[in-house]
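> Build the 3D model from these lines:
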Amino acid sequence: MDAAEVSAQVWRERVHKSGTAEQDRDALARLIEFDADPFEVELYELAADPLTLFLDRARRRRAGQHERHVRRIESRGRRAGGRRQA
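Modelled structure (predicted):
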């Protein structure tokens, strides 16, 4: 596995482990209901921004697409390898 593949794998794992922007927004909303600190309100506004939500969804979608692409390539390699050996 070369450095680019390792980097891509680490990136995908980090994307999957991190919470979504919607989860962050909801957690901040609950926090603001309890104690409306100006900094928390600013964080909520950033997390609720449509562009932030769009970019988070796009990042997660891209990670999933790349993961499926890698699995498809590996599957084709196994099938092609199996035919040669038979």
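
> average model confidence for stretch 69-84?
Stretch 69-84 shows an average pLDDT of 79 in the prediction.

> cool, and stretch 12-19?
83.

> Could you report the distance from residue 7 to residue 79?
Remark: distance between residue 7 and residue 79 (CB to CB, to the nearest Å) = 27 Å. Any C-beta I mention is one placed from the backbone N, CA and C, and that applies to glycine too.

> err, residue 52, not the other one
On the measure of CB to CB, residue 52 and residue 79 end up 41 Å apart.

> do the same with residue 57
33 Å.

> helices or strands next to the helix or strand containing residue 23 in the packing?
In this structure, residue 23 is located in helix 21-34 according to DSSP states H and E. Judged by 3 or more CB pairs under 8 Å, 6 or more residues apart in numbering; DSSP states H and E, the packing partners of helix 21-34 are helix 38-48, helix 50-85.

> count of residues packed around residue 44?
Other residues lying near residue 44 total 19 when counted by other CB atoms under 10 Å.

> Name all residues that make contact with it.
25, 28-29, 31-32 (CB atoms under 8 Å, 6 or more residues apart in numbering).

> Distance check, the residue nearest to residue 31 when sequence neighbours are not counted against residue 20.
Distance criterion CB to CB, 6 or more residues apart in numbering; nearest residue to residue 31, sequence neighbours excluded, is residue 40 at 5.5 Å. For residue 40, the distance to residue 20 equals 19 Å [CB to CB].

> returning to what we had before: quick one: which of residue 52 and residue 79 has more around it?
Taking neighbours as other CB under 10 Å, residue 52 and residue 79 compare with residue 52 leading, 15 against 9.
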